[in-house]
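Enquirer: Provided below are the primary sequence and the corresponding predicted coordinates.
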Amino acid sequence: MLALRTAWPRTTTEAEVLYLDTLDRCLDDAELSQEEQVWLDSTARALQVSERHRVDLHRRYYERLVRQILADGVVTREERALHDKVAAALAIDGDERLGGETETDEKKVVKLTPGMAVCFGNYS
């Protein structure tokens, strides 16, 4: 799951949610195979999602992915590669907000001391 499926905007209709979920599954490897493209085409027809609306949904999906990548203020090589592959798969120009990679080879080391609060999150 690339773009947090549970975070589709509240204004999203049921047909849009189903299409976006299908898109998300197809892009699980950040690529769209020919079979996956056929699946998306069939899903759009079944849900009566027009081509113009599909382009808008792809843009919304992409924007959600970019927001997730930028959320922590660090763009890793892996995130940049994911972004580039998804943008190419969706035929969307890359986002200049990503800039270059901000990851460094240096590891951030934080020394924990008793009494410090640590918060873990699942961002996979």
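Expert: Received the coordinates, thanks. Numbering: from 1, shown residues only.

Enquirer: When you work out contacts or count neighbours from here on, use the C-alpha atoms and nothing else.
Expert: Will do.

Enquirer: How much space separates the residue nearest the centre of the chain from D84?
Expert: Centroid check for the chain by C-alpha atoms, centre = their mean gives L65 as the closest residue, at 2.9 Å. Separation of L65 from D84 (C-alpha to C-alpha, to the nearest Å): 11 Å.

Enquirer: in the protein, which helix has the most residues?
Expert: Taking DSSP state H as the criterion, the chain has its longest helix at helix 51-70.

Enquirer: just checking, what packs against it?
Expert: helix 14-26, helix 77-89 (3 or more C-alpha pairs under 8 Å, 6 or more residues apart in numbering; DSSP states H and E).

Enquirer: Next, format the ones you listed as JSON lines and append mean pLDDT and distance to D41.
Expert: Conversion of the helices and strands packed on helix 51-70 to JSON lines gives the following (pLDDT from 0 to 100; distance: least, C-alpha to C-alpha, whole Å):
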{"stretch": "helix 14-26", "mean pLDDT": "92", "distance to D41": "10"}
{"stretch": "helix 77-89", "mean pLDDT": "91", "distance to D41": "14"}
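
Enquirer: mind checking which of these is nearest L112?
Expert: helix 77-89 (27.3 Å; C-alpha to C-alpha).

Enquirer: Which neighbouring elements make contact with the closest one?
Expert: Using 3+ C-alpha pairs under 8 Å, 6+ apart: helix 77-89 touches helix 51-70.

Enquirer: can you pull the buried residues of the helix it packs on?
Expert: R54, L57, H58, R59, Y61, Y62, R64, L65, V66, Q68, I69 (16 or more other C-alpha atoms under 10 Å).
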